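S.K.: Task: produce atomic coordinates for the following.
(one chain, ligands or ions: 2)
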Amino acid sequence: MSVVERVAGTAHEIAPVKQTPAGAPKPFDLDFARLETLGHYHPSAESTQLALELRAVKRRLLRRIGFLRSSGERQAFRMPGRQRNLILVTSTRAGEGKTYMAVNLALSLAVEDQIETLLVDADIPRPRVRARFDLPRGLGLADWLTDPSLDAESLCFRAGQAPLSILPEGAPAERAKELFATETSQRLWTALSTADRDRLVIIDAPPVLATTEAVVLAKYVDEIVFVVEANATAEPAAAAAIDELLDVNPNVSLVLNRCLIGAGGSHYQSYEYYDRGQDASPEAPAQPAKGLAHVQG
Ligand SMILES: Nc1ncnc2c1ncn2[C@@H]1O[C@H](COP(=O)(O)OP(=O)(O)OP(=O)(O)O)[C@@H](O)[C@H]1O
Ligand SMILES: [Mg+2]
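M.R.: Ligands and ions are numbered 1, 2, ... in the order given. I've put the predicted structure just below:
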């Protein structure tokens, strides 16, 4: 499958919505001490296991979306007519570490790499991002999907210490899956992607087997990071969830979470490409056969 065909079928084939004039996001301070107590990335802990593992995850991810050359040199996300900056984080079931992963990735990209990053809480049934950053309740994604005339930027919070913005979940929505499965939703994700072509958008999504939202969202995004909780998720369940995602998007990568490394390490062990035959990116490694056995430590 050619790159052009692969991109057609994602959100990028339709025209972006007209942007309203950008409002100012609400400022907030990153409380690193608090984030650290929650087990999250901390800028002063450069050589911790977590920081090292996140670097490996980021490097793979940035290469796959074309932001990093294999030499390590940076380049823009954009190529003519497309961006590859929408990244969905999901898992098989609840509690495997999606929010932990999405928050750490966003913090590490913004703080360590100074990459403009937007973290979106799209897990509307179980939103957790706002609480991690101690942000107040207010309007957010669900409100924007309901009323696209709202200015998305003004719904966001903007960190003072790093190029990080957060779009929280917003109003509780009983029928979140209906909110996502509309043409408007598709156009709004495209709008988020194109609003800042140098920005990465990390989307914290619900788990695949619990509801249909993650699979709907998977159609709109460029890359999917699939979190697998080590020694906890039954392989058939994870394989079924991954199959559902691969039906709509071939760009799925796995992160194995909560691996016990040495005495006390408990983070991400590996990041491995997972595909069942479609071309995923110019840098995609050789495609393994299906199965979680291909997650490498
Ligand atoms: N590798 C890890 N090390 C330490 N704590 C972790 C790790 N992974 C997850 N956690 C913690 O486990 C709890 C559950 O993780 P998290 O909220 O990220 O899961 P989730 O997949 O987003 O769950 P949900 O489906 O309910 O949204 C959180 O308190 C999180 O901080
Ligand atoms: Mg979560």
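S.K.: Just give me how far the helix or strand containing R187 sits from the chain centre.
M.R.: Using DSSP states H and E, R187 sits in helix 183-195. Relative to the centre of its chain, helix 183-195 is centred 15 Å away, using Cα atoms, centre = their mean, to the nearest Å.
S.K.: cool, stretch 178-197 as well?
M.R.: Taking Cα atoms, centre = their mean, one finds the center of stretch 178-197 at 15 Å from the center of the full chain.
S.K.: which parts of it are buried?
M.R.: Applying a neighbour-count criterion of 16 or more other Cβ atoms under 10 Å, one finds 179-181, 185-196 buried in stretch 178-197. Just so you know, the C-beta spots here come from the backbone N, C-alpha and C atoms, and that holds for glycine as well.
S.K.: same deal with stretch 42-59?
M.R.: Those would be 42-43, 49-51, 53-54, 57-58, for stretch 42-59 by 16+ other Cβ under 10 Å.
S.K.: Around V103, count how many other residues there are.
M.R.: The number of residues packed around V103, counting by other Cβ atoms under 10 Å, is 25.
S.K.: That one falls within a helix, correct?
M.R.: Yes. Under DSSP: H, G, I helix; E, B strand; the rest coil, V103 sits within a helix.
S.K.: Quick check: it touching V129?
M.R.: Yes. The pair V103 / V129 is scored as a contact, 6.6 Å apart, by Cβ atoms under 8 Å.
S.K.: Need the overlap of contacts for these two.
M.R.: 119, 204 (Cβ atoms under 8 Å, 6 or more residues apart in numbering).
S.K.: hmm, back to that, ok, the buried residues of stretch 42-59 vs T117, which is closest?
M.R.: Using Cβ to Cβ, K58 comes nearest to T117 of those, at 10.7 Å.
S.K.: on that earlier part again, which pair of the buried residues of stretch 178-197 spans the longest distance?
M.R.: A181 and D196 (25.5 Å).
S.K.: doesn't R60 fall inside a helix?
M.R.: Yes. According to three-state DSSP, R60 belongs to a helix.
S.K.: Double-check it against S253; I have them as touching.
M.R.: Yes. The pair R60 / S253 is scored as a contact, 6.8 Å apart, by Cβ under 8 Å.
S.K.: Now whichever residue of the chain sits closest to ligand 2. Nearest residue, chain neighbours left out?
M.R.: Ranked by Cβ to the ion, the top residue of the chain for proximity to ligand 2 is T99, at 3.3 Å. The shortest distance from T99 to any non-neighbouring residue, by Cβ to Cβ, 6 or more residues apart in numbering, is to R128 (4.4 Å).
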